[in-house]
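Engineer: model this:
(one chain, ligands or ions: 2)
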Amino acid sequence: MDVIAAYAAVMGVARDFGMEQVPFTAATGRVLREPVLSDRDFPPYDRVTMDGIAINFETYAKGQIVFGVEDIQAAGMPRKQLGSMADCIEVMTGAILPELTDTVIQYEHLEVSEHDGFRRFTIKAGVEQGQHIHRQGADAAAGQVLIAAGTRISAAETGVLASVGKTMVSVSRLPKVAIITTGDELVPVSETPDIHQVRTSNSYTLAAALQAELGIQASCYHVSDDLTAIQQLLGSLLDQDVLICTGAVSAGKYDHLPQALEELGMQLVFHKVQQRPGKPFLFGHFENGPVVFALPGNPVSGFMCCYRYVLPWLKASLQITAAPEPYAVLGTDVHFKPPLTYFMPVRLHPVAGGQLIALPPPYHGSGDLAALLQADGFLELPSEKEIFEKGSSYPVWRFRS
Ligand SMILES: Nc1nc2c(c(=O)[nH]1)N[C@H]1C(S)=C(S)[C@@H](COP(=O)(O)OP(=O)(O)OC[C@H]3O[C@@H](n4cnc5c(N)ncnc54)[C@H](O)[C@@H]3O)O[C@H]1N2
Ligand code: MOO
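Structural biologist: Ligands and ions are numbered 1, 2, ... in the order given. Below you'll find the model as predicted:
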């Protein structure tokens, strides 16, 4: 199966994890499931945007430049009204524009003087009618959709939720995800491995990706290379929404995972994708049970499959409105012969004009986890070609922004 077909097959079994109501203060990073409307015009009144005075422009247009001060209108004060067209009201940023005024002049363009105990302002610069007023409804009318359903709530959305008084919001429920690692060569992080052993890292990489990208808190399990033990563990996790396994999925004598999943009743969608890394990737689902991503054990393989398949699937299932994939431009010629889609680790260099130039760091294959430290994403080089010229562009799956 090729990458395009595998991706389509994965997306074909998208699930809905449901919704929940959360306080807006706890909603950052979550996916909004209802449109958020403006409860009133934005701004809700003609808002003064400079500290200074408000006048009626017609008086100024007739040639008057000295204005006596009648009153003051500060932010938070109920609206006042200009008594005489020959006068002004001092106004502060954020205040409602006083009635019968239509123009604001900032203090920097004024000279203050006192006359018979009265304060007066003389205008020292040109004035345009209506200046320094943020008009009622200029940003949004009451009842307008400000945030569409499907938006991932960022700091900007949080501010708008506060502005419209939306204390509780409906968001996608986060799925229950279990990450299962396999392999007798793996030892816990806190232990010193023997020469033939390695510390386990895949569960941490994948859990970190889910946490960072979607705020999902996965639970992690490890099981030895034993068919019965694998079956027991998987059997106890069928109440999860998603199982992400790593390792034991290729052709080795101890690669029991495909058999264990099949015997538990998983419906296999595919096993093996024409890609490097990540060729032994297996995908399936249980009827009324979890969706299963069985990723190859090699650390870069699992990581790539997570960004190319697992995260897009989770985003679709969480009902996030999809953004188009970014492209990057190859900064060097690349040769890749096998008839496989090549996901090449690349560092991305932004250049003037908005392009991203992709350059591969030294990379020694899918066991070379440390190569990712010098990379920002995977450039997807299609299987139909062997030579990829400098200057050509391809989709890039970013894991660092
Ligand atoms: N005869 C064949 N051999 C292999 C094939 C094949 O098609 N035919 N595919 C190769 C490819 S490609 C990959 S990728 C690997 C994937 O193998 P498995 O998914 O079965 O993974 P393991 O054999 O269990 O482990 C591979 C490698 O990754 C290390 N690993 C595993 N889990 C972790 C972890 N949690 N943390 C850190 N490192 C981990 C493991 O130690 C191995 O070095 O198969 C090829 N072989
Ligand atoms: O496809 Mo494997 O993931 O090359 O190492």
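Engineer: okay, and the residue lying closest to Arg308 once chain neighbours are set aside sits in which element?
Structural biologist: Of all residues not flanking Arg308 in the chain, Trp397 sits nearest, at 5.4 Å (Cβ to Cβ, 6 or more residues apart in numbering). Glycine gets a C-beta too; all of them are placed from N, C-alpha and C. Assigned by DSSP states H and E, Trp397 falls within strand 393-398.
Engineer: and for Val171?
Structural biologist: Applying DSSP H and E as the criterion places Val171 in strand 168-172.
Engineer: first vs last residue of stretch 186-196, how far apart are they?
Structural biologist: Terminal residues of stretch 186-196 lie 9 Å apart, using Cα to Cα, to the nearest Å.
Engineer: returning to that earlier point: and the next helix or strand after the strand holding Val171, which strands flank it?
Structural biologist: Reading on from strand 168-172 to the C-terminus, the next helix or strand found by DSSP H and E is strand 177-182. Its sheet considered, strand 177-182 pairs with strand 219-223 (parallel), strand 242-246 (parallel) by DSSP bridges.
Engineer: single out the most deeply packed of these.
Structural biologist: Each of the strands paired with strand 177-182 was given a mean neighbour count from mean count of other Cβ atoms under 10 Å, and the largest, a mean of 27, is that of strand 242-246.
Engineer: any idea how far whichever residue of the stretch 51-200 of the chain sits closest to ligand 2 is from ligand 1?
Structural biologist: The stretch 51-200 of the chain approaches ligand 2 most closely through Gly183 (14.5 Å), counting by Cβ to the nearest ligand atom. Plainly put, Gly183 is 5 Å away from ligand 1 if you go by Cβ to the nearest ligand atom, to the nearest Å.
Engineer: and if you look at Ser170?
Structural biologist: In terms of Cβ to the nearest ligand atom, Ser170 sits 37 Å off from ligand 1.
Engineer: what sits against the one residue in the chain that gets nearest to ligand 1?
Structural biologist: Residue nearest to ligand 1 within the chain: Gly297 (2.5 Å; Cβ to the nearest ligand atom). Residues near Gly297 by Cβ atoms under 8 Å, 6 or more residues apart in numbering: 182-183, 202, 246-250.
Engineer: dump those to TSV, plus pLDDT and distance to Leu233.
Structural biologist: As requested, the contacts of Gly297 are exported to TSV (pLDDT from 0 to 100; distance: Cβ to Cβ, whole Å):
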residue	pLDDT	distance to Leu233
Thr182	94	9
Gly183	91	13
Asn202	96	16
Thr246	96	13
Gly247	94	13
Ala248	90	12
Val249	91	15
Ser250	88	20
